[in-house]
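Novice: Compute the structure for the input listed below.
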Amino acid sequence: MTRVFSVPNVFGVLTALVTFVIGLQIRDTNTAVLVAAIVAGIAGGAAWYILTRMRSGPSLADTLSGIPLLGTIPLDDAGPAPALNDPEVADRFTGLMGEIEGQTTGRVLLVSSPGPGQGASSVALNLSIAAAKAGRRVMLVDADPSAHGIGRFLSSGSSPGLSDVASGEATLAEASRMWTLDDGTRFPMLPSGDNLADSSDLAGILVADALDVVSERADLIIIDVPPVLWSNATPDLGAHADGTILVISDTVAPEVVGEAISQLDKAGAPVLGYVRNRSEGVTPLTPHWLRGAAFRSLAFALLLVAGYSLYTGSQLVYSWWSVETQAYDSVAVENLVIDGPAEAAAPEETVELEDEDDPDGSAPSATAPSAPTEAYESMLLIGSDEIAGAADVILYLVRPTNGAEPFMVSLPRDLYVENPCTGGNTRINTLIKGCESKDINGPTLLSYQVGAITGIEVDHFAAFEFDGFVDVIDSVGGVEICVEYQVRDAKAKLDLPAGCTQATGEQALAWVRSRKTQQLVNGSWKSVPGASDLQRNQHQQDVILQLFTKLKNFDSPTQLTSKVASLADAFVLDDALGLRDAVDLAWGLRSIDLVDVKRLELPVRLTRSKKGQSILVSTITFDEVLLEEYGSRLPSEDGGEETAAARR
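Specialist: Purely as a prediction, here's the structure:
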């Protein structure tokens, strides 16, 4: 733990963090975050390198100076004894034996490493195999009882063995066994035995006598011992050895190697030479601080990316939790339609058409949508005026899942529809009042009716008050509104100059609400031709598309989080829209060119009720609208494609 929180590590982390924060201030995109993390990682690694270099001791090459390199053993995954499998590797061990014989006249050699994972046991085993195949009389002694020792290659078990000889519980003859390589090659070996109660027994007379007996007949005794700094057994056995073959990897820390060399000298088994294991040996031993700097640069970069992701993710979750939600229970409306109206029709909501305008006197009925829910992804935007208590914006956004172009349609607020709650007929905008007696909220009732009209079930709704709409427009820097002449509408508080205006939220709201727009032509104020609810719908679509264009332009989770936070106070979402769904929807919008979104219109005609109320009734079904626009390119019930009319 002390090494983890060392001064160079802490200094490197702080340097990387400061560099990363500065990088994010320059630009905040996914690519920029990645680049900033890489640059910060390099900066942190460099800071660690500088401080470590100032505080460190000699390099690995300096630590091994004066100790001969006996050979290099390449990485081999063929098995535990590559000398039997790979002629090239076998030649390496044969050459290694030659170097060992040239460096010492001793017969008892320890094979060890500074720490675990260096491969000393494999080297000891393969040295013995190479010596035996070369005709030398060799004995292998396993002094490493751990799971990483030579015992893992034995099928006869590890006991009795060296520990039993050291404690006097077994003789050398009883503990030894013969390892047969092939018909012409075999050598004796002594397994490790059970763990000793006292490792000092390995330095005792019983082990010394046993090794003396073996030395009288063997050319070489190779003792595989545990890592020098991890076991007392190694220095205890050093009392019987003539020297040590030190096995290292190219990445071992020099201070660890230096300590191991010092311990072996004290034990009386000095390092006679070292072996670079799992290495081609073609490159010089890299100073550990360079490798450490590279490792830490990568670690710092990964930690920064992970920390950034965790931070932005938590911010996104927090922003999402602050969004107000309402229940979306379309099943309750379906049951209401089946069971009949929940309450008597209110007089002000019941609208009867004059016979000459509509002989049947009927409105679109609230029948369940016919399109399969998996065929479309849809969102209903509902803008309402809290004072009027009615929906002023009803904008339906639909994306077919079969790749057909997405579309949007604005439903006029005076569209004449059936009210499932009362059993009467009403303007569609009044459905936002809901059905209190059945605990059905307004957005749910309105969403169900929109699904009935279009034949496509509403997946999610997002409702906003006009005050919130103003804030959202302002948060994205406004939207552009272009008019040929100066326009005004006193009731809607609209006043825009001729030309293009980067409208504020207040100006955009007035534009989408204006129903009696006037324009200044040749010095006179005149009503805009065609000014009506349908024109308002056009204005709403223009503004919403611009707003979506700006909202969908985010290049990083931070920007997404910022936009979610700006929308949190403006919208009320359905409770079925989870965070993951919302993120998928947001990222999905990025791939859609909003210029390609089809802007559909439900044809209507203006008429009046017998009481003189002005209403709109559709002249054709929405299926016919889709058929005319898409033909056979929309999803069908069975997952294929068919005409929109055929969906009914």
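
Novice: Give me the domain ranges for this structure.
Specialist: If you go by automatic domain parsing, the domain ranges for the chain are 7-58+290-321, 60-285, 328-465+556-647.

Novice: so can I have TSV of the ones you listed showing mean neighbour count?
Specialist: From N, CA and C alone the C-beta is placed, and that goes for glycine too. Converted to TSV, the domains of the chain look like this (neighbours: other C-beta atoms under 10 Å):
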stretch	mean neighbour count
domain 7-58+290-321	18
domain 60-285	19
domain 328-465+556-647	18
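
Novice: between those, which gets nearest to residue 494?
Specialist: Residue 494 lies closest, by C-beta to C-beta, to one member of those: domain 328-465+556-647, at 14.3 Å.

Novice: and that closest one, average pLDDT?
Specialist: Taken as a whole, domain 328-465+556-647 has a mean pLDDT of 77.

Novice: do stretch 510-528 as well
Specialist: Rounded mean pLDDT across stretch 510-528 is 86.

Novice: ends of it, how far apart?
Specialist: 15 Å (C-alpha to C-alpha, to the nearest Å).

Novice: which of the residues in that stretch are buried?
Specialist: Neighbour-count burial for stretch 510-528 flags 510-514, 517-519, 528 (criterion: 16 or more other C-beta atoms under 10 Å).

Novice: how about the CA coordinates for stretch 630-637, as CSV?
Specialist: What follows is stretch 630-637, C-alpha atoms only, in CSV (Å, rounded to 0.1, in the frame of the first residue of the first chain):
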residue,chain,number,x,y,z
TYR,A,630,-45.4,6.0,-48.0
GLY,A,631,-47.2,3.5,-50.2
SER,A,632,-46.1,0.1,-49.1
ARG,A,633,-43.0,1.1,-47.2
LEU,A,634,-44.3,1.0,-43.7
PRO,A,635,-44.1,-1.9,-41.2
SER,A,636,-46.9,-4.5,-41.2
GLU,A,637,-48.5,-6.6,-38.5
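
Novice: circling back to that earlier point, put together CSV for the buried residues of stretch 510-528, with secondary structure and distance to residue 43 on each row.
Specialist: Listed next are the buried residues of stretch 510-528 as CSV, based on DSSP: H, G, I helix; E, B strand; the rest coil; distance: C-beta to C-beta, whole Å:
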residue, secondary structure, distance to residue 43
510, helix, 52
511, helix, 50
512, helix, 50
513, helix, 54
514, coil, 56
517, coil, 59
518, strand, 62
519, strand, 60
528, coil, 61
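
Novice: As a check, name the ranges of all helices in the stretch 251-400 of the chain.
Specialist: Assigned by DSSP state H, counting those that start in this stretch, the helices in the stretch 251-400 of the chain fall at 254-267, 288-321, 330-339.

Novice: now the stretch 51-200 of the chain
Specialist: For the stretch 51-200 of the chain, the helices defined by DSSP H, counting those that start in this stretch occupy 60-63, 87-103, 120-133, 162-167, 172-175.

Novice: Endpoint to endpoint, stretch 245-260 covers what distance?
Specialist: Across stretch 245-260, first to last residue, C-alpha to C-alpha, it's 12 Å.

Novice: pLDDT on that stretch, on average?
Specialist: Regarding stretch 245-260, the rounded mean pLDDT is 86.

Novice: For it, what is the distance to the chain centroid?
Specialist: Distance of stretch 245-260 from its chain centroid, counting by C-alpha atoms, centre = their mean, to the nearest Å, is 38 Å.

Novice: What of stretch 375-387?
Specialist: Taking C-alpha atoms, centre = their mean, one finds the center of stretch 375-387 at 31 Å from the center of the full chain.

Novice: and residue 483, which of the helices of the stretch 251-400 of the chain is closest to it?
Specialist: Nearest to residue 483, of those and by C-beta to C-beta, is helix 288-321 at 35.9 Å.

Novice: got the angle between that closest one and helix 254-267?
Specialist: 130 degrees (axes from the mean of the first three to the mean of the last three C-alpha atoms, to 10 degrees).

Novice: What is helix 288-321 packed up against?
Specialist: In this structure, helix 288-321 makes packing contacts with helix 7-26, helix 30-55, helix 557-568, helix 579-590, judged by 3 or more C-beta pairs under 8 Å, 6 or more residues apart in numbering; DSSP states H and E.

Novice: could you dump those helices to JSON lines with distance to residue 380?
Specialist: Listed next are those as JSON lines, based on distance: least, C-beta to C-beta, whole Å:
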{"stretch": "helix 7-26", "distance to residue 380": "37"}
{"stretch": "helix 30-55", "distance to residue 380": "31"}
{"stretch": "helix 557-568", "distance to residue 380": "16"}
{"stretch": "helix 579-590", "distance to residue 380": "13"}
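
Novice: Residue 152: which of the ones you listed is closest?
Specialist: helix 7-26 (35.0 Å).

Novice: mind showing which ranges of the stretch 51-200 of the chain have poor pLDDT?
Specialist: The model of the stretch 51-200 of the chain has pLDDT under 70 over residues 55-57, 76-87, 154-156, 183, 196-199.

Novice: now residue 489, which residues is it bridged with?
Specialist: Beta bridges link residue 489 to residue 494 when assigned by DSSP bridges.

Novice: Please look at it and residue 512 and confirm they touch.
Specialist: No - look at residue 489 against residue 512 with C-beta atoms under 8 Å: they stay out of range, at 11.1 Å.

Novice: re the thing from before, what's the closest of the domains of the chain to residue 497?
Specialist: Per C-beta to C-beta, nearest to residue 497 of these: domain 328-465+556-647, 24.7 Å.

Novice: Quick one: end-to-end length of stretch 279-292, please.
Specialist: 18 Å.

Novice: again with stretch 472-490
Specialist: Stretch 472-490: ends 23 Å apart by C-alpha to C-alpha.

Novice: what does it contact?
Specialist: Contact partners of stretch 472-490, identified using C-beta atoms under 8 Å, 6 or more residues apart in numbering, comprise 464, 494-505, 507-511, 514-521, 525, 528, 542-543, 546-547, 550-551, 566-567, 570.

Novice: can you tell me the average pLDDT over it?
Specialist: pLDDT averaged over stretch 472-490 gives 88.

Novice: likewise stretch 308-323?
Specialist: For stretch 308-323, the mean confidence score works out to 79.
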